[in-house]
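Undergrad: Pasting the sequence and the predicted coordinates here, then a few questions.
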Amino acid sequence: MNATIPKGEPVIILLVEDDPAHAEIVRRNFANFRVANRLMHVPDGQQALDYLFHQGEFQDPNKSPRPNLILLDLRLPKVDGLEVLKTIKADADLTQIPVVVLTTSAAGIDMAKAYGYHANSYLVKPVDFPSSFN
């Protein structure tokens, strides 16, 4: 993967988040800070893997372009976020995509596992995440 993004091109961000309120907060904050991006959102770990490997409803790469960044929740339905992270970082075509874990879990074991699976960063959402960004 080419790590540089052509000047003037939007950054493609894959947001893997099952909580609609949290996803909306991320969307609003990118818009408020005028971040030039294209935010793609999937609500569970299986859809994240389908998106990244162009499977199922995400077979068309024009509709599901390769992300430049992945924002990944840990507590996800269907496939856990740590398993998604492990799969991404084990794949030669995906491993260079930066993955930022964005979760409510401040548990040391989760953080250690995420970094052990080569997360690029680990950010803990505030407990009152929705109200903290209004």
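TA: Now that the structure is in, tell me what you want to look at.

Undergrad: Pick out the residue nearest the middle of this structure.
TA: With distances taken as CA atoms, centre = their mean, residue 71 lies nearest the centre of the chain, 2.4 Å away.

Undergrad: Looks to me like that residue is in a helix.
TA: No. Read with DSSP: H, G, I helix; E, B strand; the rest coil, residue 71 is strand and lies in no helix.

Undergrad: I figured it was touching residue 14, is that so?
TA: Yes. Residue 71 lies in contact with residue 14 (CB atoms under 8 Å); the separation is 7.2 Å. In this view, the C-beta of every residue, glycine as well, is placed from N, C-alpha and C.

Undergrad: hey, what's in contact with both of the two?
TA: When contacts are counted by CB atoms under 8 Å, 6 or more residues apart in numbering, the set common to residue 71 and residue 14 is empty.

Undergrad: tell me which residues of stretch 85-97 are tucked away?
TA: By neighbour count on 16 or more other CB atoms under 10 Å, the buried set for stretch 85-97 is 85-89, 94, 97.
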